[in-house]
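Trainee: What shape does this take:
(one chain, ligands or ions: 2)
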Amino acid sequence: MSERTLVLVKPDGVERGLVGEVISRIENKGLKLVALELKNVDRELAEQHYAEHDGKPFFESLIEFITGGPVIAACVEGPKAIAAFRQLAGGTDPVEKAAPGSIRGDYGLEVQYNLVHGSDSAESAARELKLWFPNL
Ligand code: RTP
Ligand code: MG
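Mentor: Ligands and ions are numbered 1, 2, ... in the order given. Have a look, this model is predicted:
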């Protein structure tokens with residue numbers, strides 16, 4: 001059974017020219033792009049997207065970071081797409097958690113600047129896709 005997930009290339013990934021690299025890894029894995037958009041994120045979308053982190057010490061800095069430059073938003077589809085992209089991304093902390101060979105493990109150093117986002121569950125994917133691609 002096919003499922004859909006929301007992938008973001010965060011402002012650090014766009015700024016560093018890693019969009020093609022991320023898309024290549026998605027396509028090489030066998031996942032399909034269903035929608036793709038370059039987008040400037042306003043504060044309202046950022047706060048809704050990261051609502052689960054509201055109140056945490058890094059929340060304000062996370063919102064500033066994600067609204068600080070354009071992101072690439074993609075709807076990615078395939079069997080086990082949610083877990084498959086989380087595996088491609090690697091753990092949240094690029095050095096402490098992400099394995100070499102993953103996107104964060106290969107290209108990241110700091111936890112905030114970890115290049116990509118992927119929905120973490122079927123519920124998150126449904127909620128986030130409605131937020132980012134309301135017409136899909
Ligand atoms: P994401 O939601 O962006 O895909 O990342 P994730 O599931 O791997 O990690 P999550 O716990 O949801 O954290 C969301 C994003 O917040 C930033 N962060 N900073 N300074 C910190 O301790 C800290 N912890 C998290 C990261 O950009 C992380 O991806
Ligand atoms: Mg998360």
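
Trainee: So for the spatially most central residue of the chain, what's the pLDDT?
Mentor: The centroid of the chain falls nearest to residue 117 when counting by CA atoms, centre = their mean (1.7 Å). On pLDDT, residue 117 comes in at 98.

Trainee: which residues does the residue lying closest to it once chain neighbours are set aside contact?
Mentor: Using CB to CB, 6 or more residues apart in numbering and skipping the chain neighbours, the partner closest in space to residue 117 is residue 8 (3.9 Å). Heads up, the C-betas are built off the backbone N, CA and C, glycines and all. Contacts for residue 8 (CB atoms under 8 Å, 6 or more residues apart in numbering) come out as 71, 72, 73, 74, 116, 117, 118.

Trainee: Distance-wise, check residue 8 relative to ligand 1.
Mentor: Distance of residue 8 to ligand 1, computed by CB to the nearest ligand atom, to the nearest Å: 7 Å.

Trainee: three-state assignment of that residue?
Mentor: At residue 8, secondary structure determined by DSSP: H, G, I helix; E, B strand; the rest coil is strand.

Trainee: cool, residue 114 as well?
Mentor: Classified using three-state DSSP, residue 114 is coil.

Trainee: That one contacts residue 92, doesn't it?
Mentor: Yes - look at residue 114 against residue 92 with CB atoms under 8 Å: they come within range, at 6.3 Å.

Trainee: higher neighbour count, those two?
Mentor: residue 114 (25 against 14; other CB atoms under 10 Å).

Trainee: Spell out the secondary structure type for the residue nearest to the centre of the chain.
Mentor: Going by three-state DSSP: residue 117 is strand.

Trainee: That one and residue 7 touch, don't they?
Mentor: Yes - taking contacts as CB under 8 Å, residue 117 lies within contact range of residue 7: 6.8 Å.

Trainee: Low-confidence stretches in the protein?
Mentor: Applying pLDDT under 70 to the chain picks out no residues at all.

Trainee: one more time with 90, if that's ok
Mentor: 1 (pLDDT under 90).
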